[in-house]
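Q: Sequence and predicted structure below; questions after.
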Amino acid sequence: MQTIDSAKIEDYHAHIYYDANSREVAAQIRESIEKNFTVEMGRWHDEPIGPHPNAMYQVKFAVTEFNRIVPWLMLNRGGLNILVHPNTGDAFEDHATNSLWLGDKLPLRLEVLRNLPKK
């Protein structure tokens, strides 16, 4: 097995998935994240976008914030499904192989990422 140096991780994304019935829960989680963590909040996407099969918003955070925000999301996800992945310059592998799921693992549309250039 070839190992990958974790120093390749530039930062992380958490994708918080919701639907019409859970949008308010997603909004409460978003508000708590903005108040309590050092993050960059992405826009609301009420329709699937890119590889994401459901409505979602993205939370970008630094490697140093991982130990704070991921445990918080584990305990406070409000029943929502969340994808957390590193950003190493290989979007396909980051989403398909090097990710973790809180809640149910959703079927990503990975073909969108397959031919993206690697950094």
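A: Received the coordinates, thanks.
Q: switch to C-alpha atoms for all contacts and neighbour counts from now on
A: Fine.
Q: Show me where the chain has its helices.
A: Per DSSP state H, the chain carries helices over the ranges 23-36, 66-76, 91-96, 111-114.
Q: tell me the angle the longest one makes with helix 66-76.
A: On the basis of axes from the mean of the first three to the mean of the last three C-alpha atoms, to 10 degrees, helix 23-36 is oriented at 150 degrees to helix 66-76.
Q: Check the offset of helix 23-36 from the chain's centre.
A: 14 Å (C-alpha atoms, centre = their mean, to the nearest Å).
Q: Repeat that for the second one.
A: Once both centres are worked out by C-alpha atoms, centre = their mean, helix 66-76 turns out to sit 12 Å from its chain's centre.
Q: ok, now the last one?
A: Taking C-alpha atoms, centre = their mean, one finds the center of helix 111-114 at 16 Å from the center of the full chain.
Q: what's the pLDDT at the residue positioned nearest the centre of the chain?
A: Nearest to the geometric centre of the chain sits Ala14, at 2.2 Å (C-alpha atoms, centre = their mean). Model confidence at Ala14, given as pLDDT, is 98.
Q: so who does the closest residue to it other than its chain neighbours touch?
A: Spatially, and ignoring its direct neighbours in sequence, Ala14 is nearest to Val84 (4.3 Å; C-alpha to C-alpha, 6 or more residues apart in numbering). Applying C-alpha atoms under 8 Å, 6 or more residues apart in numbering to Val84 gives the contacts 12-15, 99-102.
Q: Likewise for Ala96?
A: By C-alpha under 8 Å, 6+ apart, the neighbours of Ala96 are Leu110.
Q: try it again with 10 Å
A: Residues in contact with Ala96 (C-alpha atoms under 10 Å, 6 or more residues apart in numbering) are 85, 107-110, 113-114.
Q: Tell me the buried residues within the residues you listed.
A: In the contacts of Ala96, burial by neighbour count holds for 85, 109-110, 113, counting by 16 or more other C-alpha atoms under 10 Å.
Q: before we move on, the earlier item: in strands, which of the contacts of Ala96 fall?
A: With DSSP state E as the criterion, strands contain His85 from among the contacts of Ala96.
Q: For Asn76, state which of the contacts of Ala96 is nearest.
A: Among the contacts of Ala96, His85 lies closest to Asn76 (C-alpha to C-alpha), at 18.1 Å.
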